[in-house]
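# Turn this into a structure:
(one chain, ligands or ions: 1)
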Amino acid sequence: MFNNFYYACIVIIFGDNQSYKLYMNFEFTEEQLMIKQAAHDFAETELKPGVIERDEHQKFPAEQIKKLGELGFLGMMVSPQYGGSGLDAVSYVLVMEELSKIDASASVVVSVNNSLVCYGLEKYCNEEQKQKYLVPLAKGEQIGAFCLSEPEAGSDATSQHTTAIDMGDYYLLNGTKNWITNGGNASTYLVIAQTDAAKGHKGINALIVERGMEGFTVGPKENKLGIRGSDTHSLMFSDVKVPKANRIGEDGFGFKFAMKTLEGGRIGIAAQALGIAAGAYELAVKYAKERQTFGKPIAQHQAIQFKLADMATEIEAARLLCLKAAWLKDHGQDYAQAASMAKLFASEVAMKTTVEAVQVHGGYGFVKEYHVERLMRDAKITQIYEGTSEIQKIVISREILK
Ligand code: CAA
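Numbering: from 1, shown residues only. Predicted structure coming up:
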């Protein structure tokens with residue numbers, strides 16, 4: 001249904017007489033369509049088998065992530081010079097949607113590795129850091145984690161209690177990070193920590209921490225409502241010596257690093273929410289055509305038709321917001337507000353659509369074999385991580401009012 005029409009591009013050209021032309025191109029390129037198809041096929045053949053069991057047993061999709069890495073999906077926007085696939089953010093949205101229709105526990109790894117880890121390393125690190133840390137992550141040989149949240153610093157991200165004390169040629173890292181995606185499986189961790197509390201957010205640094213550094217321990221896996229296959233842990237740092245060479249950017253750049261990185265991350269999570277919604281919607285349409293009540297398929301009852309119409313319309317609006325944010329990023333324009341709008345809207349649509357998809361399925365929707373109850377549980381996290389819906393409204397309203 002939604003194949004060729006979503007790549008929106010608006011160009012305004014002012015001539016001598018100040019008249020203007022408006023172009024909108026809603027077509028994807030052949031390459032983008034190919035990538036989307038590849039992600040779709042991967043989701044159907046590699047992610048779908050076992051997705052219910054992985055959810056039930058909270059099993060990390062390790063083999064599937066390895067294959068996604070080999071296919072270039074884990075560093076898909078990184079330049080080939082650093083081992084990535086050199087694709088655009090529009091392709092990233094297409095991939096995230098397709099993977100998330102089936103398995104959001106796997107797609108969050110793609111999102112975090114691409115947006116929160118590889119993007120930050122490529123954009124803000126020096127050549128030595130890129131060669132050492134970015135290349136294996138972009139090639140999918142390793143996965144990374146982004147460590148901002150703490151037991152007492154979630155939405156209020158400047159309130160960092162983890163400390164990175166300047167000891168001359170190294171930082172002494174102490175503290176705890178919470179709810180860290182890929183926490184147990186990552187090799188490289190980007191850790192945000194306070195170096196100089198007197199300077200507030202200007203005294204925060206971002207450090208590259210390696211798994212295995214002395215004093216660094218990983219807590220038990222969290223037992224979660226949704227994305228149960230994903231690997232969420234708390235991390236403890238006790239007198240970990242992190243070399244100065246592992247600091248990202250200038251002293252005090254850590255908070256801005258986190259904020260800039262999260263802008264792109266929010267496009268990934270918006271597209272994940274879109275995929276969860278679209279997956280539930282597709283299952284609801286299929287079921288509605290098959291299930292009979294009162295002598296006809298339920299798709300012929302207006303009560304169901306109106307639900308499907310609402311779902312389709314809202315999903316389409318969410319998709320356009322995701323693609324617009326990605327397009328702005330690809331064209332070097334500011335995308336913070338667009339990314340927050342996409343995440344705010346798509347995550348609300350994911351929650352609403354999945355609840356309705358369960359309702360369309362009736363009693364079958366309440367059991368695991370029909371997938372929609374899992375999608376409903378998975379949808380919830382998209383309203384919480386990488387900035388809650390309320391945080392997105394703060395970002396959007398500040399942009400409007402500045
Ligand atoms: N780009 C660059 N700089 C930015 C910025 C951005 N997008 N947003 C803020 N800043 C800068 C500000 O300009 C300011 O710097 P100056 O004083 O030099 O101007 C500084 O950062 C502090 O900004 P604010 O005063 O706006 O800070 P605040 O305390 O009011 O908080 C906030 C702003 C937007 C609410 C921020 O705290 C925030 O985004 N919170 C949510 C955090 C979040 O998303 N956490 C998710 C965890 S990661 C995760 O979930 C990953 C996972 O595993 C899946």
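
# List phi and psi for Phe294.
In terms of degrees, to the nearest 10, the main-chain angles of Phe294 are phi 50, psi 40.

# Need the pLDDT of it.
For Phe294, the pLDDT comes out at 97.

# Asn25 too?
Predicted confidence (pLDDT) for Asn25: 83.

# buried ones in stretch 357-366?
Ala357, Val358, Val360, His361, Gly365 (16 or more other CB atoms under 10 Å). C-beta here means a position set from N, CA and C on the backbone, and glycine is covered the same way.

# just the strands in the stretch 101-250 of the chain please.
Secondary structure of the stretch 101-250 of the chain (DSSP state E, counting those that start in this stretch): strands located at 144-147, 163-166, 170-181, 188-194, 204-210, 216-221, 232-243.

# Just name the most buried of those.
strand 144-147 (a mean of 29; mean count of other CB atoms under 10 Å).

# Pairing partners for that strand, with directions?
As defined by DSSP bridges, the strand partners of strand 144-147 come to strand 188-194 (parallel).

# report the angle between the axes of the partner strand and strand 232-243?
Using axes from the mean of the first three to the mean of the last three CA atoms, to 10 degrees, the direction of strand 188-194 lies 80 degrees away from that of strand 232-243.

# just for the stretch 151-300 of the chain, where's the confidence low?
Along the stretch 151-300 of the chain, segments meeting pLDDT under 70 are nowhere present.

# Can you pull the residues of this structure lying near the ligand?
Residues of the chain found near the ligand (CB under 6 Å from any ligand atom) are 112, 116, 146, 148-149, 155, 157-158, 180-181, 201, 255-256, 259-260, 262-263, 336, 385-387, 391, 394-395.

# Buried subset of the residues you listed, written for ChimeraX?
To isolate in ChimeraX the members of the residues of the chain next to the ligand that are buried, counting by 16+ other CB under 10 Å, one can use:
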select :112,116,146,148,149,157,180,181,201,255,256,259,260,262,263,336,385,386,387,391,395
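
# before we move on, the earlier item: inside strands: which ones of the buried residues of stretch 357-366?
Among the buried residues of stretch 357-366, none falls in strands (DSSP state E).

# Looking at the residues you listed, spot the one nearest the ligand.
Closest approach to the ligand among the buried residues of stretch 357-366 (CB to the nearest ligand atom): Ala357, at 23.8 Å.

# Can you give me the first-to-last residue distance of stretch 45-53?
This stretch, stretch 45-53, spans 16 Å end to end (CA to CA, to the nearest Å).

# hmm, I was thinking of stretch 220-234
Terminal residues of stretch 220-234 lie 7 Å apart, using CA to CA.

# what does it contact?
51, 54-56, 58-61, 103-106, 108-109, 151, 176-185, 218-219, 374, 377-381 (CB atoms under 8 Å, 6 or more residues apart in numbering).

# Buried ones among those residues?
51, 54-55, 58, 60-61, 103-106, 108-109, 176-185, 218-219, 374, 377-381.

# so who does Thr353 touch?
Ile276, Ala277, Ala280, Tyr281, Met311, Glu314, Ile315, Ala379.

# That one - that's part of a helix, no?
Yes. Under DSSP: H, G, I helix; E, B strand; the rest coil, Thr353 falls within a helix.

# Quickly note the distance from it to Glu210.
To Glu210, Thr353 is 40 Å away according to CB to CB, to the nearest Å.

# what does Leu94 give?
33 Å.

# cool, and Arg291?
Arg291 sits 53 Å away from Glu210, taking CB to CB as the criterion.

# which residues of the stretch 301-402 of the chain fall in helices?
Counting by DSSP state H, counting those that start in this stretch, the segments of the stretch 301-402 of the chain that form helices are 302-330, 336-361, 372-381, 389-401.

# I'd like those laid out as a markdown table, including mean pLDDT.
Converted to a markdown table, the helices of the stretch 301-402 of the chain look like this (pLDDT from 0 to 100):
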| stretch | mean pLDDT |
| --- | --- |
| helix 302-330 | 98 |
| helix 336-361 | 98 |
| helix 372-381 | 98 |
| helix 389-401 | 97 |
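
# Distance to Thr232 added to those helices, as JSON lines?
Formatted as JSON lines, those follow (distance: least, CB to CB, whole Å):
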{"stretch": "helix 302-330", "distance to Thr232": "24"}
{"stretch": "helix 336-361", "distance to Thr232": "18"}
{"stretch": "helix 372-381", "distance to Thr232": "9"}
{"stretch": "helix 389-401", "distance to Thr232": "19"}
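
# Ok, which of those comes nearest Tyr82?
helix 302-330 (18.1 Å; CB to CB).

# Are there helices or strands packed against that closest one, and which ones?
helix 89-102, helix 254-290, helix 336-361 (3 or more CB pairs under 8 Å, 6 or more residues apart in numbering; DSSP states H and E).

# which residues does the residue nearest to Tyr364 when sequence neighbours are not counted contact?
Closest residue in space to Tyr364, ignoring its immediate chain neighbours: Tyr370 at 4.9 Å, by CB to CB, 6 or more residues apart in numbering. Counting by CB under 8 Å, 6+ apart, Tyr370 makes contact with Leu283, Tyr287, His361, Tyr364.

# Distance of Tyr370 relative to Val358?
From Tyr370 over to Val358 the distance is 9 Å, taken as CB to CB.

# One more: Glu44?
Per CB to CB, Glu44 is found 22 Å from Val358.

# Likewise for Met77?
Separation of Met77 from Val358 (CB to CB): 34 Å.

# just Gly200 next, same as before
Look at Gly200 and Val358: by CB to CB, they are 45 Å apart.

# This completes my enquiry, with thanks.
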